[in-house]
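Asks: Build the 3D model from these lines:
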Amino acid sequence: MEASADGSRGRWALRFLCPKRSLLSPPSASPLRWLIGAPRVLPPFTIAAALRPLHADGAAPDLPREAGKVSQPLAHPSPHPSRTRRSHRTSVPPADEIRGLLPRGFDIVGALLVGGEGSDADAGRALELARSLRERLLGAAASHGMVGVRMDAASGEIRFVASESGGTGAVEGVEIVWEDEPGMLLWEKGCLLRCELPLKLPLYVPADEISGIEERFSSLLESTFAKLSDPHVLYLVEGPIASNESRHSIILHGNDLSFDSHLPGNSKTKECTTSSVSCSEFFPEKRYSLSLTRENADAIEITVLSNQSVGSLKPGTAPVVDYFPAPAPASLRVINLKLDILCYSPIDLPVPVAVSELVIPGLADQTSVMKKIIASEITQQAQLCPYHFIPLGLHIPVTTIYDTRYGEIEEKQSELRKELHIRLGLPLDRPLLRISNALTFGGMGKRVKSMSRNGSSLLRDVHREIPSSGVSGGIMSLIDGSYEYYHYLHDGIDDNGWGCAYRSLQTIFSWYKLQQYSSIDVPSHREIQQVLVEIGDKDPSFIGSREWIGAIELSFVLDKLLGVSCKIINVRSGDELPEKCRELARHFETQGTPVMIGGGVLAYTLLGVDYNDASGDCAFLILDPHYTGTDDLKKIVNGGWCGWKKSVDSKGRSFFLKDKFYNLLLPQRPNMV
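Replies: From the prediction side, this is the model:
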């Protein structure tokens, strides 16, 4: 256990890997936060993330519902299946199942109450709530240290109490640490394990026993999971693909595993009969080079195999068929389960222990979540599929279960995503948990590149290499999210002299695609022209022409293809653009989308402003679509094709023309999850 700076025993330090604003920020009507740690991996009282309660009246949570222990009514067969799906909450996978949401290895380590001046919120009360929830979740008291925290909402001041492993008392802590590099601590000490397990389970349902379906299904699952330690079960363990296309792998047998302890934080393990290969042997030496991005995440892959010939027959014997007649008329329903779990393991933990104490219990957790939904809709066959995410603002992965019968825009699926956003403290105006945002697992040597339609690579976020603007005392407001740089001559299209607004539109369109607001491909020049003809803005002769377009046409295309609304600002002269900096800053702070500036014969993409409200000094971060060279980032930055531009530079030269009007297109961010 980590002592405080003064070294006195019992005066513990509290370490946060998540930023303070994530603890204070909405969405949540409750002041309570469940604190998540990884007792087997991280130092005691280390907070990796915070979850909001979904079932709470102020600071008083409904612990049975928070723990997912409240059963839902059974959905009986209906002559109108669509009505049944909409009228029963269990037809959508629940967002309140914390055991299914968190990968095994992460655990409840405390609770935090946010209070104002004079609030009764109390650190001791938070500690007791955390203990109670964790015991309900896993059926046993925590074997690791727990913490209760009180945070003042106005000042952010924190007071906390902590209890040792298995202790019931509490001691006030004194030291609080906010980690600058949380990823360093998470991924140098731990690693991910992933296991996919498709199951086909035969369920015999008597015609007159609808009420006993869940019990029969539970019994079937228990017998299935009991077989995971049988000698005929094999576990193929493979590391990520390295840069040399190789991957380390071993095979474990069911009798190699240890099931003496399966609770997170319990360090008692049985000595394995096989060589204790640790998780670290599946990764290269530089642990922090591991990827955990949406495009590519690294994990040890666990594949469950079955060899029924091992020990099944004795020499000289013949196979025997067992016959179990049904006592009454029954129907056979084949239940298809697609299990897909993540676990967070200490990097030095032996793999057999990790499989037995993390992977198999993790599979059981996910099955428990799925069981409630499947049993309630046994006549309609829910199509459940797990997905893993690490949304912006979190440092740890989470797992959600979606019913793929519903499209992502279907009402029930949207309700589930909203609840998940609330649970995880994510904003409610952006789609961070859509299927297209899920983690993709692959090798460390195979990083996904952004590709255009013809297969050429595209540069992303080129402004990140740009030096400062030179505005003294200014406040910088920038684009929020990623985009691709489209410019003249890209994709083999010669649009030099006429296609700058098309290229700006493509860059804006790529922002919506990369932020997962749409899966539609970035349109070509011809497709843009076709849209304008279809809506009646242009004549058919416009298709295939080299005619310019402006802000108005861009707004039409965004509305037609993406359903995006746009705000347009008109200025009579380039000299008036600095007067719009305050409004532009507000746009980037609230909407965060790229802006198109069109005027005269030129169009630019605006990525941000740097504005001093007192002096009026300002600069514009311009992404110039008129560039005609290769996608060489150094050349683009040094050539000023992406850089800060002042309306009038130090030599008196005007970037925006005095005798030309300008239209600014401000695309709005859709309010959706």
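
Asks: Helices of the stretch 301-450 of the chain, residue ranges please.
Replies: 351-354, 360-376, 411-424 (DSSP state H, counting those that start in this stretch).

Asks: among those helices, which is nearest W641?
Replies: With distances scored as Cβ to Cβ, the stretch of these nearest to W641 is helix 411-424 (37.5 Å). All C-beta spots, glycine's among them, are computed from the backbone N, C-alpha and C.

Asks: From the chain's centroid, how far away is that closest one?
Replies: 13 Å (Cα atoms, centre = their mean, to the nearest Å).

Asks: Okay, now the sheet partners of the next helix or strand after that helix, with direction.
Replies: Past helix 411-424, further along toward the C-terminus, the next helix or strand under DSSP states H and E is strand 475-478. Applying DSSP bridges to the sheet, strand 475-478 is found paired with strand 602-611 (antiparallel).

Asks: what angle sits between the strand or helix carrying A126 and helix 360-376?
Replies: Here A126, judged by DSSP H and E, is contained in helix 123-138. Computed with axes from the mean of the first three to the mean of the last three Cα atoms, to 10 degrees, the direction of helix 123-138 lies at 80 degrees from that of helix 360-376.

Asks: Next, the buried residues of helix 123-138.
Replies: When burial is assessed from 16 or more other Cβ atoms under 10 Å, helix 123-138 yields the following buried residues: 123, 125-127, 129-134, 136-138.

Asks: Now find how far off-centre that helix is within its chain.
Replies: The answer for helix 123-138 is 26 Å, by Cα atoms, centre = their mean.

Asks: which other helices and strands contact that helix?
Replies: The contact analysis (3 or more Cβ pairs under 8 Å, 6 or more residues apart in numbering; DSSP states H and E) places helix 123-138 against strand 32-37, helix 63-66, helix 98-101, strand 107-115, strand 146-152, strand 158-163.

Asks: Mean pLDDT for the ones you listed - can I get that in TSV?
Replies: Putting these into TSV (pLDDT from 0 to 100) gives the following:
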stretch	mean pLDDT
strand 32-37	96
helix 63-66	90
helix 98-101	92
strand 107-115	94
strand 146-152	93
strand 158-163	92
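
Asks: Quick one: the strands in the stretch 551-673 of the chain, in order.
Replies: In order along the chain, the stretch 551-673 of the chain carries the following strands (DSSP state E, counting those that start in this stretch): 566-571, 595-599, 602-611, 618-623, 642-645, 662-667.

Asks: Could you dump these into CSV and include distance to E553 and mean pLDDT?
Replies: As requested, those are exported to CSV (distance: least, Cβ to Cβ, whole Å; pLDDT from 0 to 100):
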stretch, distance to E553, mean pLDDT
strand 566-571, 11, 96
strand 595-599, 9, 93
strand 602-611, 11, 96
strand 618-623, 19, 96
strand 642-645, 24, 95
strand 662-667, 10, 96
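
Asks: what about the nearest residue to E196 once chain neighbours are set aside, how many neighbours?
Replies: Residue nearest to E196 in three dimensions, not counting chain neighbours: D340, with 4.9 Å by Cβ to Cβ, 6 or more residues apart in numbering. The criterion is other Cβ atoms under 10 Å. On that basis, D340 has 18 neighbouring residues.

Asks: Isn't D340 up against P386?
Replies: Yes - counting by Cβ atoms under 8 Å, P386 is a contact partner of D340 at 4.2 Å.

Asks: shared neighbours of these two, which are they?
Replies: Counting by Cβ atoms under 8 Å, 6 or more residues apart in numbering, the common neighbours of D340 and P386 are 366, 399.
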